[in-house]
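**Student:** Next input, structure requested:
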Amino acid sequence: MTTPTLLFDLAFTLAAPFWALLILAPGWRWTDRIAASPLPMVPVLAVYLALAVPVFPQLWTAVSRPDLAGFQELLRLGGGAGAIWAQVIAWDLFLGQWMYREARELSIHPLVMGPLLLLTVLLSPLGVLLFLALRAAARRRLRRPDATPPWLRAPAPAEQHT
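**Tutor:** Residues are numbered from 1 along each chain as shown. Just a heads-up that it's a prediction; the model follows:
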């Protein structure tokens, strides 16, 4: 197996545990800490650099004078395709962490966010668009007087009998 192939595979492998935490362990103290940190992206960005440096001239050409043919040429290079993939993985993880934190702040239920985060892992533009709509609705809900979601409300005090 070639180095670009190994690094390509490694990019998602490094991000997957963090996605698992965001989706499967929401509200866990360590998940909240990790979601607030930029550090989960660092290993994926290191993979990006390892893939991007050897093809930097082609990468620079593709991003400084973008056109479809230039990107197609870049993607024909193993390191070029891998670098773009690692960049996408790092960006998606950044978006997932942001979505997770926003959802926690807006009291969006984890059973809603889990599938949405999974969609974001697979097709981030769709996941982010759906999240933005959900976020707007949650913000409108929080402006209402009865804004506390039912799962966060304190139980009503029992009536006293005299």
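
**Student:** For the chain, which segments count as helices?
**Tutor:** Per DSSP state H, the chain carries helices over the ranges 3-24, 29-35, 41-52, 56-64, 68-76, 78-105, 110-122, 124-142.

**Student:** Restrict the shortest one to CA atoms and write it as CSV.
**Tutor:** Extracted as CSV, the C-alpha positions of helix 29-35 are listed here (Å, rounded to 0.1, in the frame of the first residue of the first chain):
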residue,chain,number,x,y,z
ARG,A,29,-18.2,15.6,30.6
TRP,A,30,-15.3,14.5,28.3
THR,A,31,-17.4,14.9,25.2
ASP,A,32,-18.2,18.5,26.1
ARG,A,33,-14.5,19.2,26.8
ILE,A,34,-13.3,17.6,23.5
ALA,A,35,-16.0,19.3,21.5
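
**Student:** Show me what that helix is packed against.
**Tutor:** Packing contacts for helix 29-35, counted by 3 or more Cβ pairs under 8 Å, 6 or more residues apart in numbering; DSSP states H and E, involve helix 3-24, helix 78-105. Every residue, glycine included, has its C-beta placed from N, CA and C.

**Student:** can you do 6 Å?
**Tutor:** helix 78-105 (3 or more Cβ pairs under 6 Å, 6 or more residues apart in numbering; DSSP states H and E).

**Student:** which non-adjacent residue is nearest Ser124?
**Tutor:** Nearest residue to Ser124, sequence neighbours excluded (Cβ to Cβ, 6 or more residues apart in numbering): Asp92, at 4.7 Å.
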